[in-house]
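1. With the sequence up front, the predicted model follows.
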Amino acid sequence: MTVIDDYIDALAPPQKEELGRIRRIINATVPEAEEGICYGMPEFKYKGKYLIGFSVFRDHMSLFPTPKPIEAMRSKLNNFKLSKGTIQFNLGNVISESLIRNLLIYRIDEIDRLAEIEETI
């Protein structure tokens, strides 16, 4: 078992199912992503850089894709409460698989572009 398994297994069944679904989408989209826990929340890294994370709170769940993907897809996120790097959702209004994939692809591209810039410096 991994630390993310432990985190998800401790949740109530509905949240466990939803965060398990998100984890499967992340792993299918970015199979090379590394799993871990940071600040008590599941996180995924790509090429050693933060990719995305998620967490459960008392009255909602959150996805943390960083600010730039949220800004780029703001028009597709109208049904969710947003803050700088966070998308809040609940079981009655989950984030679609295609939107999660798009957020991941945007973030991967961002990490890859930064790596290219760092290589030229």
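-> Perfect, thanks for sending it.
2. Just list what the longest strand seen in the chain packs against, helices and strands only.
-> As far as residue count goes, and with DSSP state E defining each element, the longest strand of the chain is strand 49-56. Under the contact criterion of 3 or more Cβ pairs under 8 Å, 6 or more residues apart in numbering; DSSP states H and E, strand 49-56 touches helix 13-29, strand 41-46, strand 61-64, helix 97-120. Any C-beta I mention is one placed from the backbone N, CA and C, and that applies to glycine too.
3. confidence score at E35?
-> According to the prediction, E35 has pLDDT 96.
4. Assign N78 to helix, strand or coil.
-> Under DSSP: H, G, I helix; E, B strand; the rest coil, the three-state class of N78 is coil.
5. Tell me, what's the model's pLDDT at it?
-> pLDDT for N78: 95.
6. Burial check on it, number of neighbours?
-> Neighbour count of N78, defined by other Cβ atoms under 10 Å: 7.
7. likewise I26?
-> 24.
8. residues in contact with it?
-> The neighbours of I26, taking Cβ atoms under 8 Å, 6 or more residues apart in numbering as the test, are 33, 44, 51-52, 100, 104.
9. T29 - how many residues pack around it?
-> Neighbour count of T29, defined by other Cβ under 10 Å: 18.
10. Touching, it and L103? I think so.
-> No. With contact defined as Cβ atoms under 8 Å, T29 and L103 do not form a contacting pair (9.6 Å).
11. Can you tell me the closest non-neighbouring residue to F54?
-> Nearest residue to F54 in three dimensions, chain neighbours excluded: L63, at 5.2 Å (Cβ to Cβ, 6 or more residues apart in numbering).
12. what sits opposite that neighbour in the beta ladder?
-> On the basis of DSSP bridges, L63 is bridged to F54, I87.
13. Which pLDDT does the model give it?
-> Predicted confidence (pLDDT) at L63: the value is 98.
14. next one: E32
-> Listed pLDDT for E32 reads 97.
15. quick one: contacts for it?
-> Contact analysis of E32 by Cβ under 8 Å, 6+ apart lists Y46.
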